[in-house]
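A.B. asks: sharing a model that was predicted from the sequence below.
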Amino acid sequence: MSDIGYLDGKVPTGPIDEKWTSHKFNMKLVNPANKRRYDIIVVGTGLAGASAAASLGELGYNVKVFTFHDSPRRAHSIAAQGGINAAKNYKNDGDSVYRLFYDTVKGGDFRAREGNVYRLAEVSVDIIDQCAGQGVPFAREYSGLLDNRSFGGAQVSRTFYARGQTGQQLLLGAYQALARQIRAGSCTLYNRTEMLDLVVKDGTARGIVVRDLLTGEVTSHSAHAVVLATGGYGNVFYLSTNAKGSNTTATWRAHKRGALYANPCYTQIHPTCIPASDDFQSKLTLMSESLRNDGRIWVPKNPADTRSPDQIPEADRDYYLERRYPAFGNLVPRDVASRNAKTQIDEGRGVGPMKNGVYLDFGDAINRVGPQVIKERYDNLFEMYERITDEDPYKVPMRIYPAVHYTMGGLWVDYNLMSNIPGLYVLGEANFSDHGANRLGASALMQGLADGYFVLPYTIGDYLAGMLGEKPLDTSDPAFKQSEAEISDQVKRLLSSRGKQTVDQLYRKMGVDVVWAKCGMARNAAGLEQAISDIRAIRDEFWSDINITDQSQTMNQSLEKAMRVSDFIDLAELMCKDALHREESCGGHFREEYQTPDGEALRNDDQFAYVGAWQWTGESGQQKLHKEELAFENVKLAQRSYK
Amino acid sequence: MRITLKVWRQDGPTSPGAFETYDVPGVSPDMSFLEMLDVVNDRLTLDGKRPIVFEHDCREGICGSCGMMINGVPHGPEKGTATCQLHMRKFHDGDQIVVEPWRAAAFPVIRDVAVDRSAFDRIIEAGGYISTPTGAAPDANLTLIPKPVADAAMDAAACIGCGACVAACPNSAAQLFTSAKLAHLNLLPQGQAERWARTEAMVETMEEFFGSCTNHGECREACPKEISIDFIAMMNRDYVKSKRKNRKLLSQIR
Ligand SMILES: Cc1cc2nc3c(=O)[nH]c(=O)nc-3n(C[C@H](O)[C@H](O)[C@H](O)COP(=O)(O)OP(=O)(O)OC[C@H]3O[C@@H](n4cnc5c(N)ncnc54)[C@H](O)[C@@H]3O)c2cc1C
Ligand code: FES
């Protein structure tokens, strides 16, 4: 593999706790009066995009904000439940910036960039102040002080929350800050507008091409810099906990214009979701991880056991997590819990009508502390479960199964959150930056807001300062016109599809039968090779056999979905390629060939302690690998153990 | 289960609309209402017909995208439940189910059952925020907020902006939506500095788009988050007061 390129993450030199401070001082500034001479495009209004746009608008830049949603408030971030981490140490329980940094590097299974993670921990404390100032109604103690809870992978209480709706409240805070800037005229909102291309000229990002989802009109927008905050790609699996509209189109099309896609095989599977009930299932619902504090996970020992759970005596049950991991029991980390559930189901011991779940049983806890206490702790979750399954978890054990829920991979960015294309920045779940191979609970909200409120507003100035007096590329430039024409052609081609399958049928086949089956919780070389050839066949079917009956250029959801699925197909192929090349197991990436004798993930630090970033070379699946070597100067490389 | 679906089909904002009826066999009681529509749409597509346009995203009752009149009731028969959280087991074999868009002048139909709710964004832009420039906030624990106050603010802030309140109201009023945001911000200590300006601006922007409230209370019945109608009373009091306060503030500036 002689054609491998090496990447520089541009992490500043110096001690870890001084890097960001000295970098902030060393960066160039744009003087306040000059800021209005710069145009910035922000795509996405989730936590990352809305916080960035609002902050840039306040600084005085001209900001154009794009979302395919009808309102910024609908972004997928709205659905986050559990909470947001910050190293405030309000509990005096030994938390610190350094500890949050340490937990995140270790939780990420040593595949994240130390410098970025430290900065994330550092600014986490400012996020809570900022959000509280905006009126985010965080949970309080009777004293009036902020309350905290603890989350997996940490031994301190550092998670701030607003009931079970933390994402909603944080997003409303950022959306309202953005609304204020829209009112002030510094930000212009383009809602129901989907970015379909990035325009690059002379190696620099110049703008985007978008389609108005109400009129079908394809137009161009140019700027001095483009910021993508378009979320994760978990929906490549078809079934996930992500909102139905979440997709990879913006990042994928930027990839096709030269942006490197990093670590796409790092995807996170959450162990406690409600299993699919039938073949019509359209998405999966997350049940909070906190349930594992009181619920005991088990399956019947005998796969042929058809008795109802209350009829199965203790002797015939296998509490497999408690048996295999006596120290952590039901509280092992997400990846370990998920993989073990898969093994049980693969070996035929799954429960429920489709034999696709394991029991999460509250019987013992209810006997121990009484139903009232359990109700206080989990009532909203129990109610949600009953609403979906029509079963009462106070009486019948819950059935749970792992589901895709977050993607650690994304577009490659340097320490400044700039991609390898000058002028293109990537924030939030859309970038690959801070979580390595596995993300800790309550850290995605933290990262999105860190990027948008506290990192980008500094780093983008350093880039823009050098462009004073330059005009953005005119949208009549051939670079824009050519891209507009390509998009119009794609729309035309899709609208003339007259095959025998709906987009959803094919999408489900790819996501569930191929990507989830072969590049999901456990992967192996043979399966991944098979998956790649299956995906290629599905791509051919997509372009020859789908049927789009809605011919309209106005709001046309079949067309929107078809465009997104076409990009998911290409991404799926790259994911499998990345998973195949990474011959080790780490975090969310488990290769069956690389495990310890007792079945745990086995990293290979000598060969794989790097970020794998892929460059488009003109044809799907032919990407070229670039490596960014990861140096661990502060946290010692170690194998995780939960026995 | 087998149901009969009567759906409002309208090709665009200015085209005439009409109901179309579909026979839907093979419905599983475990399907969500939107999954039932997915199935109908797949069947329509395979029959060479145009699928039904309806908005949705999270399918967990939090984003506020979904929303349709189901048998004349916003979000359908189950109380405190958004359309996406409704399951087919709440209906019976043989039922006829009528599906229509929200009907309100401020929410024009875009296509089929999808409507334009951006008037809500205009109300928020008018003042639904606390001005806190990034980086300017003091330490979060410097401002103590009594738990009951934080809880009440959270009760109001739980609004998902779906528009069911407007759809349910005989006058198409947006009082419940507007008052929920005002209560969230006006209850908190951080929200006091802008309280009177915010109240006046948001109420007056609301009145530009929406009808007026005559205390029917239908909004609260339809709200998937069961937001309390008491917030409307609070908004009305604050609005009257804001008129006085804002005048006084102006005279001081002069
Ligand atoms: C069920 C669930 C629960 C979660 N709970 C937690 C939690 O408790 N704590 C935690 O830290 N994390 C949690 N997460 C993860 C977290 O919610 C997400 O990682 C985070 O919100 C992503 O934010 P974002 O701003 O990067 O992207 P998003 O919120 O996904 O926003 C993407 C934005 O980009 C826009 N967009 C995308 N593509 C285009 C395009 N082509 N053109 C125009 N606009 C486009 C969309 O309209 C949207 O505005 C949870 C995730 C799930 C699924
Ligand atoms: S789809 Fe989000 S609330 Fe129903």
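C.D. replies: Nice, thanks for sending it over. Ligands and ions are numbered 1, 2, ... in the order given.
A.B. asks: mind pulling up the pLDDT for the closest residue to ligand 1 within the stretch 351-500 of chain A?
C.D. replies: Residue of the stretch 351-500 of chain A nearest ligand 1, by Cβ to the nearest ligand atom: residue A:428 (2.4 Å). The C-beta positions use only the backbone N, C-alpha and C, and glycine is treated the same way. We have a pLDDT of 98 for residue A:428.
A.B. asks: roughly how far apart are the nearest residue to it once chain neighbours are set aside and residue A:446?
C.D. replies: The shortest distance from residue A:428 to any residue other than its chain neighbours is 2.7 Å, reached at residue A:48 (Cβ to Cβ, 6 or more residues apart in numbering or on different chains). Using Cβ to Cβ, to the nearest Å, residue A:48 is found at 11 Å from residue A:446.
A.B. asks: now do the helices in the stretch 451-600 of chain A.
C.D. replies: A:456-464, A:478-495, A:503-508, A:517-519, A:525-545, A:557-581 (DSSP state H, counting those that start in this stretch).
A.B. asks: pull the first one out as CSV, backbone CA atoms only.
C.D. replies: The one in question is helix A:456-464. Taking C-alpha atoms only, helix A:456-464 is exported to CSV below (Å, rounded to 0.1, in the frame of the first residue of the first chain):
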residue,chain,number,x,y,z
LEU,A,456,-15.4,27.3,15.6
PRO,A,457,-16.0,31.0,16.4
TYR,A,458,-12.3,31.2,17.2
THR,A,459,-10.7,29.0,14.6
ILE,A,460,-12.7,30.3,11.7
GLY,A,461,-11.4,33.8,12.2
ASP,A,462,-7.8,32.5,11.8
TYR,A,463,-8.7,31.3,8.3
LEU,A,464,-10.9,34.3,7.3
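A.B. asks: rounded mean pLDDT for that helix, please.
C.D. replies: Here the average pLDDT along helix A:456-464 is 98.
A.B. asks: which helices and strands sit right next to it?
C.D. replies: helix A:47-59, strand A:225-228, strand A:424-426 (3 or more Cβ pairs under 8 Å, 6 or more residues apart in numbering or on different chains; DSSP states H and E).
A.B. asks: identify whichever of those lies nearest to ligand 1.
C.D. replies: It's helix A:47-59; of the helices and strands packed on helix A:456-464, that one is closest to ligand 1 (Cβ to the nearest ligand atom) at 3.6 Å.
A.B. asks: before we move on, the earlier item: mind checking which of the helices and strands packed on helix A:456-464 is nearest ligand 2?
C.D. replies: Using Cβ to the nearest ligand atom, these put helix A:47-59 closest to ligand 2, at 16.8 Å.
A.B. asks: how far away from the center of its chain is that closest one?
C.D. replies: 20 Å (Cα atoms, centre = their mean, to the nearest Å).
A.B. asks: so who does the residue nearest to residue A:130 when sequence neighbours are not counted touch?
C.D. replies: In space, and not counting its chain neighbours, residue A:130 is closest to residue B:137: 5.0 Å by Cβ to Cβ, 6+ apart. Each residue near residue B:137 by Cβ atoms under 8 Å, 6 or more residues apart in numbering or on different chains is listed here: A:129, A:130, A:132, A:133, A:134.
A.B. asks: where are the low-confidence patches of the stretch 151-254 of chain B?
C.D. replies: Within the stretch 151-254 of chain B, the ranges that satisfy pLDDT under 70 run B:253-254.
A.B. asks: which residues in it form helices?
C.D. replies: For the stretch 151-254 of chain B, the helices defined by DSSP H, counting those that start in this stretch cover B:164-168, B:175-187, B:195-209, B:218-222, B:230-253.
A.B. asks: and residue A:220, its phi and psi?
C.D. replies: phi -120, psi 150 (degrees, to the nearest 10).
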